[in-house]
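> fold the following, please.
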Amino acid sequence: QVQGNRHAHIFVLYVAPEHRRRGIGTALMQYVENWAIQRGDRQIGLQVFQSNKPALNLYHQLGYQTQSLWMVKFLNTQK
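Numbering: from 1, shown residues only. Below is the predicted model of the structure:
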């Protein structure tokens, strides 16, 4: 649930494999956070796959917290 009137949402953050572990993801996130503050946003949301442990670690280190879960069910379409 969004707190306040304005919020930002990060749809995609991608760092090419050959450039990972150099602080680029952290720098991009800090840039986005500063941009959102300048816009007057009160909150930033994002989605990340539970299996993406490096991204989860980054977001937790930056202070992001899990607020909801997105659940899926794969359907058997061959009957």
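
> from here on, just use CA atoms for contacts and neighbour counts.
Will do.

> ok, and for the longest helix seen in the chain, which residues are buried?
Secondary structure of the chain read by DSSP state H shows that its longest helix is helix 24-39. Residues 25, 29, 32-33, 36 are the ones in helix 24-39 that count as buried (16 or more other C-alpha atoms under 10 Å).

> then stretch 40-55?
Within stretch 40-55, the residues that qualify as buried are 41, 43-44, 55, counting by 16+ other C-alpha under 10 Å.

> just the residues you listed: which are in strands?
Per DSSP state E, strands hold the following members of the buried residues of stretch 40-55: I44.

> wait, which of the buried residues of stretch 40-55 is closest to R21?
Comparing the buried residues of stretch 40-55 against R21 with C-alpha to C-alpha places A55 closest, at 11.2 Å.

> give me phi/psi at the residue positioned nearest the centre of the chain?
Note on the chain: the residue nearest the mean C-alpha position is L46, at 3.4 Å, using C-alpha atoms, centre = their mean. As for L46, its main-chain torsions (degrees, to the nearest 10) stand at phi -160, psi 160.

> quick check: which ranges of the chain have low pLDDT?
Along the chain, segments meeting pLDDT under 70 span 1-4.

> start to end distance for stretch 15-24?
By C-alpha to C-alpha, to the nearest Å, the extent of stretch 15-24 from end to end equals 7 Å.
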